[in-house]
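In: pasting a predicted model and its sequence here:
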Amino acid sequence: MKRIAVLSYNHNKYSETFIGNMVKRLPGQIHFLYGGDLPMFYGNDVPFLKEDAKSKFAYALKEWATGKDWRTQHSEKVEQYLIENRIEAVVANYAITAFPVMEICRKHKIPLIVHFHGWTAYRQSLINSRLEEYGQMFEIASAVIGVSQDMIEQLKMLGADPAKLHLITYGADPEIFTYKDCSANENIFFSAGRFCDTKNPHLTILAFNKVLKSLPGAKLVMAGGDENLLNVCINLSQALGIGDKIDFCGVLTPSQIYERMSSSLAFVQHSATTIEGEKEGTPVAVIEACATGLPVIATRHAGIKDVVIDGETGLLCDEYDIEAMAGNMVTLANNRVLAKRLGAAASQRVLNNFTMKQYIDKLDAVIEAVVKK
């Protein structure tokens, strides 16, 4: 049984279900290390460095005696954990969790797999400030994973060895997101995702405002947690006079998301590249909506266009083109035959290509290969 350490900056962030599923579903003995770029905890919130006064005094005394600061002592504890637990591979989620452990992996010949998901592949300020570390990471890594074709090309530009690159797209759980014919539902448009720059929820609202001119009875349901744009979106809806048409329903569980999806007509998301060059990976909610049988109305952004085929499983427009997005929403509401065809094709495409099992199986195959090598 493989002994794998999975590293995550966050413990159980609602928007990172892909990491949670990785920990729960990967075969082998999984060690979950989390809480910062250099993980603070393992197991059930067991700290690598204790925070009580006695322990802090001991760290300070050791720094005085050896010159090793708190960060160095922390790193040594993580290194000790990997060795004592005979870890055979490290899966670092996002580049930031790979940077602090890559020399440990090199030193002890532990295969390092860097799994990119979004921002650390694109954000220009991060890349510029840590360019040398990116180069070292790509050299040390045994494998590098991207979740969209766009991301794979970006990682090549950053210097990743094409021979180490693997395209593995997330998957939906078909036991939760089961197909339903949603084409007879009311004109309810659903979105699920963080209220952040890449998802541009305010642009979805501006498009929906145009939809209301043709479909005054339409509703928009927006699920997700705040990452600086929730209040902006609420204020915008009020300023436009459509606050009563939008339901900001907060963070939902997967089963609650499915319930909302299965009572909607379409899934909407206006993802766009930020001024920092940042893009999404492949939004999980888009895949889950397709699995449910919802046509996706979105932008030709990053991994969305890998999953959604324009005119076959959904309707796409260019980034920032809110007129076209609004037009696609009205088109779907007025053509239920099209809505039914797109939704059924979307669900079948996910079953064929983007299930959770397929994602985990492909990831496990990469881990297996580097461990054997």
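Out: Arrived safely. Owing to the predicted nature of the structure, the values given are computational and were not obtained by experimental measurement.
In: who touches residue 347 in this structure?
Out: 179, 290, 291, 292, 293 (Cβ atoms under 8 Å, 6 or more residues apart in numbering). (Glycine included, C-beta is placed from N, CA and C.)
In: right, and the fourth one touches residue 174 too?
Out: No - no contact is recorded between residue 292 and residue 174 when judged using Cβ atoms under 8 Å, the distance being 9.9 Å.
In: of those two, which one has the most company?
Out: In this view residue 292 and residue 174 are compared by other Cβ atoms under 10 Å, and residue 292 has more residues nearby, 28 against 18.
In: find the nearest non-adjacent residue to that one, please.
Out: Nearest residue to residue 292, sequence neighbours excluded (Cβ to Cβ, 6 or more residues apart in numbering): residue 261, at 4.5 Å.
In: quick check: the farthest pair among the contacts of residue 347?
Out: 179 and 290 (9.7 Å; Cβ to Cβ).
In: okay, those two: which has more neighbours?
Out: More crowded of residue 179 and residue 290, by other Cβ under 10 Å: residue 290, with 31 against 19.
In: which helix or strand contains the more buried one?
Out: Here residue 290, judged by DSSP states H and E, is contained in helix 284-292.
In: may I see the buried residues of that helix?
Out: Under the neighbour-count criterion of 16 or more other Cβ atoms under 10 Å, helix 284-292 has 284, 285, 286, 287, 288, 289, 290, 291, 292 buried.
In: tell me which of the contacts of residue 347 is nearest to residue 210?
Out: residue 290 (24.5 Å).
In: which ones are touching the closest one?
Out: Taking Cβ under 8 Å, 6+ apart, one finds 172, 267, 296, 307, 308, 313, 314, 346, 347, 349, 350, 354 in contact with residue 290.
In: now, those residues that are in strands?
Out: Among the contacts of residue 290, the members found in strands (DSSP state E) are 267, 296, 314.
In: what sits against the nearest residue to residue 161 once chain neighbours are set aside?
Out: Spatially, and ignoring its direct neighbours in sequence, residue 161 is nearest to residue 138 (6.5 Å; Cβ to Cβ, 6+ apart). If you count contacts by Cβ under 8 Å, 6+ apart, residue 138 has them with 144, 158, 159, 160, 161, 164.
In: who wins on neighbours among the residues you listed?
Out: residue 144 (27 neighbours).
In: using the three-state scheme, assign that residue.
Out: strand (DSSP: H, G, I helix; E, B strand; the rest coil).
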